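Engineer: Task: produce atomic coordinates for the following.
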Amino acid sequence: MKGLGELERTVMEVLWAREDAGLDAATARDVSRALAGDRDLAHTTVMTVLDRLAKKGMLERERDGRAWRYHPVASREGYVTELMLGALNETGDRGAALVHFVRSVSEDEAAVIRRALADITSPGKEPPA
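Structural biologist: Numbers count the residues shown, from 1 in each chain. Got it, this is the predicted structure:
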């Protein structure tokens, strides 16, 4: 999965924040309003970015009268995971890249990794596909 441009990331952050808050899918107008304080964007620009994100498979959309409602296909964490896996695929030695990554994380982050590994490798647990 490719990275997003700055404006695409900003729009996705609005949609992920709405999802985190338990709100329904957003219209282009909802996104425009959410961005109004930070950016001076034409409504048509927001519509174009939403359409582009839907074509990239980042968003699903459904008709709501004359408008479209958009919601993310994946969570923010799922998207970042795909970016990380894509970066691993770019190296000739995934193991070496993983070791280098793990050595660069903070102690708190290392503890999170240890807990996740213990969780997926504990007896009785099926390994992930």
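Engineer: so where's the chain uncertain?
Structural biologist: For the chain, applying pLDDT under 70 flags the ranges 1-2, 124-129.
Engineer: how about the strands in it?
Structural biologist: 59-64, 67-72 (DSSP state E).
Engineer: Skip the chain neighbours and tell me the closest residue to R69.
Structural biologist: Using CB to CB, 6 or more residues apart in numbering and skipping residues adjacent in sequence, the residue nearest R69 is A25, 3.8 Å away. In short, each C-beta sits where N, CA and C put it, glycine included.
Engineer: residues touching that neighbour, list them.
Structural biologist: Counting by CB atoms under 8 Å, 6 or more residues apart in numbering, A25 makes contact with R61, E62, R69, Y70, H71.
Engineer: Could you single out the nearest of those residues to E6?
Structural biologist: Y70 (18.5 Å; CB to CB).
Engineer: beta partners of the closest one?
Structural biologist: As for beta bridges, Y70 partners with A26, R61 under DSSP bridges.
Engineer: residues in contact with it?
Structural biologist: Contact analysis of Y70 by CB under 8 Å, 6+ apart lists L15, A25, A26, T27, A28, V31, L50, L53, A54, L59, E60, R61.
Engineer: I figured the third one hits R18, correct?
Structural biologist: Which is A26. Yes: using CB atoms under 8 Å, A26 is in contact with R18, at 5.5 Å.
Engineer: Between the two, which is the more surrounded one?
Structural biologist: Legend: neighbour count by other CB atoms under 10 Å for A26 and R18, higher for A26 (25 against 19).
Engineer: Roughly how far does the more buried one sit from D20?
Structural biologist: Between A26 and D20 the computed distance is 13 Å (CB to CB, to the nearest Å).
Engineer: D64 too?
Structural biologist: Distance from D64 to D20, by CB to CB: 21 Å.
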